[in-house]
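sequence unknown, structure follows:
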């Protein structure tokens, strides 16, 4: 058990490319920390620097109170689950799990047997102990890899996209299993994924990365409700947030499909920028006909032509095309590239109540609450309203309480 | 219809090539069972009229053959072992490490493999005489290593490259030193590759003739391929051909056994199940 502290970690490759650029992060003892971001953002590199498979160009990597920059992986006492599991195909499941114990000197045979059987029992692998990894299903292999990690009482667990090779159903199942295991063992865990659902469901805290730098570190709720910038807002949430260009005239915000009176505090926060990008999550919209009257008054409604409706049982998504002003295309193009996503422009995704009877090709009245808008500066991407970092005191204090007092 | 016809063609060509390759072998076996007096009969037959083991007993009676057989086994096995061990380390380094001069080393190795052996016979003969290792086992093992190593290194590094690097990294995270990771994970996984290379090297040493004939002069180190040329009949009027054929059959047997025994081992993909599947 140990905390992991990263101070100004930099990873530069020979060609000068910085895969990880001046990153600092504290993972508290027993915390489940997620590193998430699009591919190539440096999250796996950072994980491999923690475990020692990648050299650290500069900065301090501390595990517990020890600086481990120059230590070999085997001296860091961390357990890692690899993306492709990296099981030893020539060894039985038993020997695979026992492998770390066999390498430690002076672990008696009975203890190895006892520990492996315990680990196998928690992971429901007992009946497979004599089989070779090649004969196991994907989920079973994944569990063997986890068995190899939990058998040795390591200081921390590291996961490198452990679920990305499983099918969707199994992925959900294993996700819960990993979470349950981590909660039971209370062990410090760093988990790398590119999947925002995994990040949201598993993490005590989530560190979202882009191009080797943290964009925001915080609880999943903070990232969802108070994204610091457009990238965070677009990455977290599924389907992703809608980004709509808006122009300010007085205290009215002109969107392509409706004019919204801007609440006073938002108006002040925006300052003197007159063109902005407005982010509204699909789930903040609703079919005006199913919104009850008490809420209806607080929001605005607009009429729209619904292109396509996707009904999923527990919810439905409506797609509403609209015209984008040319001035905003640059900012949106860049965001699309960063997020590896499809076109963000020109259509609004709206999550509707499953009881709503809006159909493909029909006209509908859509309702939303202006307080749920995030207003971004198109030049910098910064969230002008309600970013976690711009809000005073309270949130920042809760974040830093998990961290050790800074050493001067 | 079309598929059927193609597959028939394949069978036809396959059988043709098989016959082509097997005919000399069959002829060798057939001759080895003919008596030395009758193999040149007026009415030749492909198979012997009277099958006889005489040729085999006569070659095993000769010290020339038995000591050559001993030399062949000794030299081939030693050279193979040494070459595999050295090649294993070299190939691992080439597959996993980035060091200056790697390309040069590989190209040099290839150049050695392409170098005509005949050009080396003269210098080696002189050198070996001066060093006192002419007509000794070591005198053959050294040049065999030289010529076997490049091929071994190339084949094995190809095998090592196929083993996912994660295997080794996982072992290191699990607490293994580099040497432990190599010995407990990489070597077992590369076993098919090691076997393949070992067998190829053994064949090369076993069949090698030029150096064996030039760098030996007595039964002390003469291997079977070289010894075959020294066979004589029981008398000067008797042809040694059937005896040579019998000896050839005997030296072919170990090769056939090795291939049959390790065929599965060579082909088996041991790494199945290592990573996602």
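Alright, I've got the coordinates. Quantities reported herein were computed from a predicted structural model and do not represent experimental measurements.

Return the distance of residue A:107 relative to chain B.
Remark: distance between residue A:107 and chain B (Cβ to the nearest Cβ, to the nearest Å) = 11 Å. C-beta coordinates here come from the backbone N, C-alpha and C atoms, glycine included.

can you check residue A:206 too?
24 Å.

do the same with residue A:357
Distance from residue A:357 to chain B, by Cβ to the nearest Cβ: 44 Å.

That residue: what secondary structure?
Of the three states, residue A:357 takes coil according to DSSP: H, G, I helix; E, B strand; the rest coil.

Quick check: closest non-adjacent residue to residue A:369.
Closest residue to residue A:369 apart from its sequence neighbours, by Cβ to Cβ, 6 or more residues apart in numbering or on different chains: residue A:299 at 4.2 Å.

okay, now the one you found: neighbour count?
19 (other Cβ atoms under 10 Å in any protein chain shown).

quick one: the helices in the chain?
Looking at chain A here, since you left the chain open. A:43-51, A:93-103, A:109-122, A:138-150, A:168-185, A:196-202, A:220-225, A:230-235, A:264-270, A:293-296, A:329-339, A:394-401 (DSSP state H).

The chain in question should be chain B.
Going by DSSP H, chain B shows helices at B:2-32, B:54-61, B:63-96, B:102-114, B:118-131, B:137-162, B:165-173, B:178-181, B:187-207, B:210-214, B:224-227, B:241-267.

would you list those helices in TSV and tack on mean pLDDT, distance to residue B:48 and mean neighbour count?
Shown next, in TSV, are the helices of chain B (pLDDT from 0 to 100; distance: least, Cβ to Cβ, whole Å; neighbours: other Cβ atoms under 10 Å in any protein chain shown):
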stretch	mean pLDDT	distance to residue B:48	mean neighbour count
helix B:2-32	86	6	11
helix B:54-61	85	10	17
helix B:63-96	91	21	19
helix B:102-114	85	41	12
helix B:118-131	90	37	13
helix B:137-162	88	35	20
helix B:165-173	89	56	22
helix B:178-181	89	58	15
helix B:187-207	86	26	20
helix B:210-214	89	30	20
helix B:224-227	89	23	23
helix B:241-267	82	9	16
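
picking up where we left off before, ok, so what distance separates the residue nearest to residue A:369 from chain B?
Counting by Cβ to the nearest Cβ - residue A:299 and chain B are separated by 48 Å.

wait, doesn't residue B:230 sit right on residue B:64?
Yes - if you go by Cβ atoms under 8 Å, residue B:230 and residue B:64 touch, sitting 5.9 Å apart.

which neighbours do those two share?
Taking Cβ atoms under 8 Å, 6 or more residues apart in numbering or on different chains as the criterion, residue B:230 and residue B:64 both touch residue B:222.

Tell me the residues of the stretch 101-250 of chain B that contact chain A?
Within the stretch 101-250 of chain B, the positions adjacent to chain A are B:164, B:166-167, B:169-177, B:180, B:184-185, B:188-189, B:191 by Cβ under 8 Å from any Cβ of the partner chain.

try 7 Å
Contact residues (Cβ under 7 Å from any Cβ of the partner chain) of the stretch 101-250 of chain B with chain A: B:164, B:166-167, B:169-170, B:172-177, B:180, B:185, B:188-189.

Tell me the one of these nearest residue A:48?
Here the nearest of those to residue A:48, counting by Cβ to Cβ, is residue B:169; it sits at 8.4 Å.

Excluding chain neighbours, give the residue nearest to that closest one in space.
Nearest residue to residue B:169, sequence neighbours excluded (Cβ to Cβ, 6+ apart): residue A:53, at 5.2 Å.

Read off the pLDDT value for that neighbour.
Confidence at residue A:53, expressed as pLDDT, is 91.

Burial check on it, number of neighbours?
Counted with other Cβ under 10 Å, residue A:53 comes out at 22.

likewise residue A:130?
Neighbours of residue A:130 under the rule other Cβ under 10 Å: 9.

I'd say it and residue A:92 touch.
Yes - with contacts counted by Cβ atoms under 7 Å, residue A:130 reaches residue A:92, the gap being 5.5 Å.

picking up where we left off before, check contacts around the residue nearest to residue A:369.
A:367-370 (Cβ atoms under 7 Å, 6 or more residues apart in numbering or on different chains).

Tell me the spacing between it and residue A:286.
9 Å (Cβ to Cβ, to the nearest Å).

Need the residues touching each of these two.
residue A:367.

Now residue A:379: closest residue in space that isn't a chain neighbour?
Excluding the flanking residues, the one nearest residue A:379 by Cβ to Cβ, 6+ apart is residue A:331, at 7.5 Å.

Local confidence estimate at that neighbour?
pLDDT recorded at residue A:331 is 73.

Then residue A:278?
89.

Also residue A:290?
The model reports residue A:290 with a pLDDT of 83.

okay, now the nearest residue to it once chain neighbours are set aside: neighbour count?
Spatial nearest neighbour of residue A:290, chain neighbours left out: residue A:353 (4.7 Å); criterion: Cβ to Cβ, 6+ apart. Using other Cβ under 10 Å, the number of residues around residue A:353 comes to 14.

now do the one 4 residues further on
When neighbours are defined as other Cβ under 10 Å, residue A:357 has 12 of them.

Kindly report the same for residue B:219.
17.

Isn't it up against residue B:63?
Yes - Residue B:219 lies in contact with residue B:63 (Cβ under 7 Å); the separation is 6.4 Å.

about what we covered before: comparing the helices of chain A, which comes out most buried?
Comparing those by mean neighbour count (mean count of other Cβ atoms under 10 Å in any protein chain shown), helix A:230-235 ranks first with a mean of 26.

and that helix, what does it pack onto?
Secondary-structure packing of helix A:230-235 (3 or more Cβ pairs under 7 Å, 6 or more residues apart in numbering or on different chains; DSSP states H and E): strand A:205-210, strand A:213-218, strand A:275-280, helix A:329-339.

contacting residues around it?
By Cβ under 7 Å, 6+ apart, helix A:230-235 touches A:196, A:208, A:210, A:215-216, A:223, A:227, A:240-241, A:243, A:277, A:279, A:335, A:338-339, A:374, A:376, A:381, A:383.

got it, and stretch A:99-110?
A:88, A:91, A:112, A:115, A:148, A:151-152, B:174-176, B:180.

try it again with 6 Å
A:112, A:152, B:174-176 (Cβ atoms under 6 Å, 6 or more residues apart in numbering or on different chains).
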